[in-house]
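>>> this is a predicted model, with the sequence first.
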Amino acid sequence: NCRNHVRRPPLTIATATSGQIQLTVGQAATVMGSLAGGRLTTAGAGQIDWTVATSEDIRPSSLELGGATLNIKSASPISMSAPITVTANTTLGFQAGAVQLSSAIDGAHDLDIGSDGPLTLNGVIGQSTRPTRIRIGSLDTLTLGVNTDIRSSGNIRLTARNRFVNNATSGSVLDSSGGTWRVFSGNSSPFSGQTPDVAGSLAHDFKTYAISYSTTSSLSAFSAIEGVASVPTTGNGFIYSLAPTVSVNATPSGSVSRVYDGTTALSLPTVTLTGSGTVNGDTITGGSATSGIFDSPDAGSRNVVLSGVTLTAQDSGGKPVYGYTPTGTVSLAGTITPKTLTASLTGAVSRVYDTTTSATLASNNYQLSGLVSGQSITVNQTSGSYASANAGTGIIVNATLASGNFTAGGGTLLSNYSLPTLASGM
């Protein structure tokens, strides 16, 4: 038996073929050498980096992982089949070529398994004692072999940066008795091409797209599938970094029109959204928009630009799909109608009796009602007529107005108004 409280410099172990090696670390430790038999036990809160030349150098008869992170490094592929017992929350990592892990793993604690290269599982995890949580990640392809069964009393989380492949024959290859399973794939083409994902017999409750995968560590990717608003909090599901976009058509339930008020604001009616261009047999089933604005404040035929657009979708099996976004701006047709102005005459309009009804007016005799705040229009019609040619007071004066009788002030467009054709006053 060999017990080591590992500290720097690296510990070199001669080839062991029997007995037990127990490594307890408090921080980081480096181990060199081979283990061709016997039992390997780890403990502590630190990380053990064990560098081996080939799989032949790390062949214990069994492993007991008791809290420390065991990270196996090799420039060659690694294959491990020794049974593993987890006696404390533990991480088993691989920095190697392709990794084949066929071990039977048991223990009622949290278990993390990560690989920088392709990782293939082909054993049963939790056959006699289920881990309380299982997280398994690969920075390459994660494959579940035909004999794989992964059982947990809590959540199961799998991440594959490049590709996920499920070749397991069991329909319940991911079996969480008290939680959910989630599979995250960073495959840029998970449903087509030369290397699509393989879901196998996994029966999901939802799919979610457009969840980013930016990590360089196989065991730090799990934040991408936990606590993200677009990922449901219940149910089993597939989560993808793929971010598909769709062409969206918007149909309003009523008129999209209002009178000019100098702004782009709009009280948006209910809008029905449809989309095309989905992936993997998905269908856009609807959606909503929280608001909309006209593309210009001016009167005329306008586009209404929608914001807060969310789409609802389902897959070919009728399960909900999240994460579709519109391709470009979603808009619909609308209208801003000119605002009606009224004109009246004010101030002193008088002259000496001359047998005619002619009246001479100035711009300050006109008062326009209905202008948007901050805007101005000047009336230049100087001719009017009295209602009577006789001398007197309180005689009504009328002025006929045409479009050429109006001059817009700064920041004002005459086309935004329905201009009056008559002004009257005493």
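Yep, that arrived.

>>> and Asp49, what are its bridge partners?
Thr30, Asn71 (DSSP bridges).

>>> correct me, but it touches Val25?
No - using C-beta atoms under 8 Å, Asp49 makes no contact with Val25, being 10.0 Å away. For glycine as for every other residue, the C-beta is placed from the backbone atoms N, C-alpha and C.

>>> quick one: low-confidence ranges for the chain?
Along the chain, the model assigns pLDDT under 70 to residues 1-19, 214-227.

>>> contact partners for Thr290?
307-308 (C-beta atoms under 8 Å, 6 or more residues apart in numbering).

>>> give the buried residues for stretch 407-414.
Thr412 (16 or more other C-beta atoms under 10 Å).

>>> mind saving the C-alpha coords of it as CSV?
Only the C-alpha atoms of stretch 407-414 are listed here, as CSV (Å, rounded to 0.1, in the frame of the first residue of the first chain):
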residue,chain,number,x,y,z
THR,A,407,-46.3,78.9,-46.3
ALA,A,408,-44.7,76.3,-43.9
GLY,A,409,-42.4,77.4,-41.1
GLY,A,410,-39.2,75.6,-40.1
GLY,A,411,-39.7,71.9,-39.4
THR,A,412,-43.2,71.9,-40.8
LEU,A,413,-44.5,70.1,-43.9
LEU,A,414,-47.8,71.2,-45.5
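
>>> now do that stretch: distance to the chain's middle.
Distance of stretch 407-414 from its chain centroid, counting by C-alpha atoms, centre = their mean, to the nearest Å, is 45 Å.

>>> with stretch 76-89 instead?
36 Å.

>>> got the end-to-end distance for it?
Start-to-end span of stretch 76-89 (C-alpha to C-alpha, to the nearest Å) is 28 Å.

>>> hmm, back to that, more neighbours: Asp49 and Val25, which one.
Remark: of Asp49 and Val25, Val25 carries more neighbours, 24 against 18, as counted by other C-beta atoms under 10 Å.

>>> surely that one and Ile48 touch.
Yes - Val25 lies in contact with Ile48 (C-beta under 8 Å); the separation is 5.6 Å.

>>> which stretches in the stretch 101-250 of the chain count as strands?
105-106, 110-115, 119-121, 124-125, 133-138, 141-144, 149-152, 156-160, 163-166, 174-176, 181-185, 206-208, 237-240, 245-252 (DSSP state E, counting those that start in this stretch).

>>> following the last one, which helix or strand comes up?
The reference is to strand 245-252. Downstream of strand 245-252, the next assigned helix or strand under DSSP states H and E is strand 257-259.

>>> may I have the strands that pair with whatever helix or strand comes next after that following strand, each with its orientation?
For strand 257-259, the following helix or strand on the C-terminal side (DSSP H and E) is strand 271-276. Strand pairing for strand 271-276, determined by DSSP bridges: strand 245-252 (antiparallel).

>>> tell me what the closest residue in space to Ile395 that isn't next to it in sequence is bridged to.
In space, and not counting its chain neighbours, Ile395 is closest to Tyr386: 5.1 Å by C-beta to C-beta, 6 or more residues apart in numbering. Beta-bridge pairing for Tyr386 (DSSP bridges): Val397.

>>> surely Tyr386 meets Gly394?
No - look at Tyr386 against Gly394 with C-beta under 8 Å: they stay out of range, at 10.9 Å.

>>> these two: who's more crowded?
Using other C-beta under 10 Å, the more surrounded residue of Tyr386 and Gly394 is Tyr386, with 18 against 6.

>>> so how far is Thr360 from the more buried one?
Distance of Tyr386 to Thr360, computed by C-beta to C-beta, to the nearest Å: 11 Å.

>>> same question, Asp315
79 Å.

>>> swap in Val349?
From Val349 to Thr360 the distance is 8 Å (C-beta to C-beta).

>>> check Thr285 too.
70 Å.

>>> again with Arg151
From Arg151 to Thr360 the distance is 99 Å (C-beta to C-beta).

>>> settle it for me: which of those two has more neighbours?
Arg151 (22 against 11).

>>> for that one, name its beta-bridge partners.
Asp175.

>>> begin at 536 from here
Right, with 536 as the first residue, what we last looked at is Arg686.

>>> ok, it to Thr730 distance?
28 Å.

>>> how about Gly812?
Counting by C-beta to C-beta - Gly812 and Thr730 are separated by 23 Å.

>>> same check on Leu903?
From Leu903 over to Thr730 the distance is 71 Å, taken as C-beta to C-beta.

>>> who has more neighbours out of those two?
More crowded of Leu903 and Thr730, by other C-beta under 10 Å: Leu903, with 19 against 14.
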